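coordinates only, sequence not included:
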């Protein structure tokens, strides 16, 4: 039930923008409106879906379901787009890489950014740099520091609180001194001059280590990755190691990520046997990851922003909401554009799986047809022998109540990966994927065909 | 001041995601944080801006201005992108066309859609179909009906309340009968058969006319624009005209918009001398409008959604937030990528205008330099003789208070068009525009050059 004063304000606003002749009964109708008589069927969130298969079926009084059009499209379009985009990044990067969403600043404002964080996580990302998304949705929060943090230091002498306690005792020591002595040892090993390393950058890494000795993850490209960032980081990491802590790793945010990641990994190995993490960011898109895979790289984790929250290949998903039946009578929209013609009538959708567990085809039927059976099935236009049949539509809203269990974000994330696992590899490949088959039952086929003939303008019948 | 219980919840959440060693003082610091010591200078909203000129200058304690990074970028990036996109559509369509924003369903969720409506209006659009944006921001709300409204009718017999009052008397008449008699007269004039027109569509238009006799705007492409939509619309419009009302026009949402709009205009002229509006929608982008202009068309108004709220040519704007000075000392970030190198130090920006009122150049200076003067000005690297000089930065936030008048949306919209009028046409053309000149003063140039030398890694000095 809407808050009555807010509803009143809304109706008074509507009065100002509708023509003065608008009937009073209309406002009374709006005042008493509710969705108790609406039933909404949907394919489970997190399921892989294909073009031509409606994601939802909405039944109810025409004016009410018409009012839901923009609401449902607004909630479904971007969510589906960004979850799909995230899932494509996951497929490109592989299951063993960490994927972090860094997109807030490039999203469509604060709430666009929150939607992005939420649906990127469902699509297969591991964490977000959006702290509010972490708080609201329980998504793991990950990030490093800013370049400005490095820029803000001039030299080690600026560090005032120099003492750090050993990990497993109360003994304190001068952490900058220990680090500087490591820098002296490390520079010759890495073939750089101590004087080349930027001491402001070293001071920034030292401050980070002093505050968070267990989670040192440094951005190493503020000045020069190889001649400054890496020796500085290694010195702080080795000093931490001396007193019982473990550094996490580094982030590369510019330059040739394939080349730099390999050089950085070699540098780490020259100093010590470690499992340090290399995070890469910098305008990464899906093609960048495919290209990095081809070249070879040593990146463990990708931070992705712009091209995740705004999908370059398709900046907006074009789902539409169409009337397909009124009072049991099918409705068809012909349109001047053939691809805008709708598939009329109420439909059920089944996903048919083969012996290997992979999805074979999505089948649209008339609701009165019996569901396809496990085992052999034949028709004039398709032949499949499903080992398993899944009804894709479930009632989610009926009699004014949610009527399915609503999974947690984490469960949805697992569901999405699980759904993807049941899709054949050739349907999922980045380049020229095999189209997945979406079929209609014979009965639905002839039914639609007949409607087309009846509704087609006479001039086009010849 | 933050709401204390909400602040407490935020801090408790932060405690769960920060390392257990995090100092208690840090949380105490966050608890007492405010922006009273921050000063924010910005170029006025609605001003045309160019690459390399910072949009804002933020001064204050480093940790606080660092916390503002993502907030400011999130609020500025998408707003600037979509306002710019809207302004480009306005330039393409010309001042005399109506531009309506129809983007909510393709935006990044509900709030992304609200931001889109707001900044499209500032960029030069006339209205939005987003009713909430109308209510919250006072933007004119415009729209037509859905295809589903047309699909939902089968025939004229479904209309129950057939009576319509004349505009200037209480006399009522049977509106469907009057319309059907007009349809008989109109079909031969338009060269179509009465039997070809879809009577469900006619019933929909009739219902619209009965409810809103002063604002009939019909979507005419549900079945066939020329053989059904236009004759049906004209019949209802002429019937309304008979009894003292004026129809508004039609919307085309598919097909060849240039061709159809011309045919529709000719059809209107065959029936009566009218000023009917032709609205076009259907996946229109900036290039579509340029192409329609080249072909010739009769469209008065464009409804634009997807390609307005998600900008195809540049799906995200890449503004960044960089540290340029600490305690009066300049800061520079070199980076592995030359275009990520920042311009160090605090700067002032002036826009210099010529005798014709057009902007000549934006000039960046050191704050201690005197502002450029009206009249002649010479330097080793640039020569301009400004007739007018405008200081672009104004303080917007200082001592914990907003310190400029904040214009209304309508004023911002006028400001944007006015700012565009002062930019030369060759800078604004869609194809190969002349780059606008952004220059630095001699003093700033040598200052930056010196810093580059000091900060460049030794190995790159040769």
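Thanks, I have it. This one's a predicted model, so the numbers in the text were calculated from it and none came from an experiment. Numbering: from 1, shown residues only, chains lettered A, B, ... in the order given.

CA only for contacts and neighbour counts going forward, please
Fine.

for residue A:156, report the pLDDT, please.
What the model reports for residue A:156 is a pLDDT of 97.

let me redo that: residue A:312
Value for residue A:312, per-residue pLDDT: 85.

that one - how many residues pack around it?
Neighbour count for residue A:312, taken as other C-alpha atoms under 10 Å in any protein chain shown: 19.

now do the contacts for it.
Residue A:312 makes contact with B:312, B:315, according to C-alpha atoms under 8 Å, 6 or more residues apart in numbering or on different chains.

from residue A:81, how far off is it?
Distance of residue A:312 to residue A:81, given as C-alpha to C-alpha, to the nearest Å: 11 Å.

quick one: secondary structure of the closest residue to residue A:246 other than its chain neighbours?
In this structure, residue A:246 finds its nearest non-sequential neighbour in residue A:214, 5.8 Å apart by C-alpha to C-alpha, 6 or more residues apart in numbering or on different chains. Applying DSSP: H, G, I helix; E, B strand; the rest coil to residue A:214 yields a three-state assignment of coil.

so residue A:214 makes contact with residue A:244?
No: at 9.3 Å, residue A:214 does not count as touching residue A:244 under the criterion of C-alpha atoms under 8 Å.

returning to that earlier point: look up the pLDDT of the residue nearest to residue A:246 for me, please.
91.

number of nearby residues for it?
Residue A:214, neighbours per other C-alpha under 10 Å, totals 20.

quick one, phi psi at it?
Main-chain torsions, residue A:214, degrees, to the nearest 10: phi -100, psi 0.

what residues are up against residue A:162?
Neighbours of residue A:162 in contact, by C-alpha under 8 Å, 6+ apart: A:173-176, A:210.

do you have the strands of the stretch 201-350 of chain A handy? List them.
Here the stretch 201-350 of chain A has its strands, by DSSP state E, counting those that start in this stretch, at A:217-219, A:249-252, A:277-280, A:301-304, A:325-326, A:329-330, A:348-353.

who touches the first one?
Contacting residues not belonging to strand A:217-219 are listed as A:144-147, A:205, A:229, A:233, A:247-253 [C-alpha under 8 Å, 6+ apart].

so how far is it off the chain centroid?
Centre-to-centre, strand A:217-219 and its host chain are 25 Å apart (C-alpha atoms, centre = their mean, to the nearest Å).

stretch A:431-441 too?
In terms of C-alpha atoms, centre = their mean, the centre of stretch A:431-441 is found 23 Å from the chain centre.

quickly list what the closest residue to residue A:284 other than its chain neighbours is bridged to.
Nearest residue to residue A:284 in three dimensions, chain neighbours excluded: residue A:304, at 6.0 Å (C-alpha to C-alpha, 6+ apart). For residue A:304, the beta-bridge partners under DSSP bridges are residue A:101.

run a quick neighbour tally on the residue in the stretch 101-250 of chain A that chain B sits nearest to.
Among all residues of the stretch 101-250 of chain A, residue A:105 sits closest to chain B, at 4.2 Å; criterion: C-alpha to the nearest C-alpha. Number of residues near residue A:105 (other C-alpha under 10 Å) recorded here: 29.

most neighbours among the contacts of residue A:162, which one?
Highest count within these by other C-alpha under 10 Å belongs to residue A:176, 25 neighbours.

surely that residue meets residue A:206?
Yes: if you go by C-alpha under 8 Å, residue A:176 and residue A:206 touch, sitting 6.7 Å apart.

and the closest residue to residue A:330 other than its chain neighbours, how far from residue A:328?
Closest residue in space to residue A:330, ignoring its immediate chain neighbours: residue A:345 at 4.4 Å, by C-alpha to C-alpha, 6+ apart. In this view, residue A:345 and residue A:328 are 8 Å apart by C-alpha to C-alpha.

ok, back up a step: pLDDT and distance to chain B added to the contacts of strand A:217-219, as JSON lines?
Compiled in JSON lines, those are given as follows (pLDDT from 0 to 100; distance: C-alpha to the nearest C-alpha, whole Å):
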{"residue": "A:144", "pLDDT": "87", "distance to chain B": "12"}
{"residue": "A:145", "pLDDT": "91", "distance to chain B": "10"}
{"residue": "A:146", "pLDDT": "89", "distance to chain B": "8"}
{"residue": "A:147", "pLDDT": "88", "distance to chain B": "8"}
{"residue": "A:205", "pLDDT": "98", "distance to chain B": "16"}
{"residue": "A:229", "pLDDT": "97", "distance to chain B": "11"}
{"residue": "A:233", "pLDDT": "98", "distance to chain B": "16"}
{"residue": "A:247", "pLDDT": "96", "distance to chain B": "13"}
{"residue": "A:248", "pLDDT": "96", "distance to chain B": "13"}
{"residue": "A:249", "pLDDT": "97", "distance to chain B": "16"}
{"residue": "A:250", "pLDDT": "98", "distance to chain B": "15"}
{"residue": "A:251", "pLDDT": "97", "distance to chain B": "13"}
{"residue": "A:252", "pLDDT": "97", "distance to chain B": "10"}
{"residue": "A:253", "pLDDT": "94", "distance to chain B": "9"}
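
looking at residue A:345 and residue A:328, which is more packed in?
For residue A:345 versus residue A:328, the count of surrounding residues by other C-alpha under 10 Å is larger for residue A:345: 21 against 9.

residue A:447 in helix, strand or coil?
Under three-state DSSP, residue A:447 comes out as helix.

burial count for residue A:411?
Per other C-alpha under 10 Å, the neighbour tally for residue A:411 reads 12.

show me the helices in the stretch 301-450 of chain A, by range?
Along the stretch 301-450 of chain A, the segments classed as helices by DSSP state H, counting those that start in this stretch run A:306-309, A:409-421, A:425-428, A:442-455.

could I get the full set of helices for the stretch 151-300 of chain A?
Secondary structure of the stretch 151-300 of chain A by DSSP H, counting those that start in this stretch: the helices cover A:175-190, A:199-211, A:230-242, A:257-271, A:286-295.

of those helices, which is nearest residue A:34?
Nearest to residue A:34 among these is helix A:286-295 (43.3 Å), distances taken as C-alpha to C-alpha.
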